[in-house]
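pasting the sequence and the predicted model now:
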Amino acid sequence: MASVIITLKLMPASPEVNLDALFSEAEKHIRAFVDEKHKDGEVRKILEPIGFGLSALKIMFVMDESVGTTEKLEETLSHTPNVESVEVTDVRRALG
């Protein structure tokens, strides 16, 4: 099976949420979710300014497509404290 690159967008509950702490918590859940081959892979974060001091947290990671959908991960992340919403914004096959 091929590897896929997933981009998730996490919206914090308020501008006061510590995005570094939120990323650390999300990264734990992502590493528990992905397949064994990608557990130690890189998980990247990008801050996307929304407005009025609010920024979204975009997280990119790689997993094997045999894992299936990310619905379970999205559900887990949506119940993480200080997360307003979770959305998969991009899924694409990795080349190489």
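Perfect, thanks for sending it. These numbers were taken from a predicted model, which means no experiment stands behind them.

so which bits of stretch 46-66 are buried?
For stretch 46-66, the neighbour count (16 or more other C-beta atoms under 10 Å) marks 54, 55, 56, 57, 58, 59, 60, 61, 62, 63, 64 as buried. C-beta coordinates here come from the backbone N, C-alpha and C atoms, glycine included.

tell me how far the ends of it are from each other?
Stretch 46-66 has its terminal residues 26 Å apart, counting by C-alpha to C-alpha, to the nearest Å.

closest to residue 80 out of the buried residues of stretch 46-66?
Proximity of these to residue 80 (C-beta to C-beta) peaks at residue 57, which lies at 11.0 Å.

burial measure for residue 37, as a count.
Using other C-beta atoms under 10 Å as the criterion, residue 37 is surrounded by 13 other residues.

so how far is residue 5 from it?
Residue 37 sits 14 Å away from residue 5 when distances are taken as C-beta to C-beta, to the nearest Å.

what does residue 81 give?
27 Å.

buried ones in the longest helix along the chain?
Of all segments of type helix in the chain, defined using DSSP state H, the longest is helix 19-33. For helix 19-33, the buried set under the neighbour-count rule, 16+ other C-beta under 10 Å, comprises 19, 22, 23, 25, 26, 30, 33.

and the last one, what does it touch?
When you say that, I think you mean residue 33. Counting by C-beta atoms under 8 Å, 6 or more residues apart in numbering, residue 33 makes contact with 63, 67, 70, 72, 73, 76.
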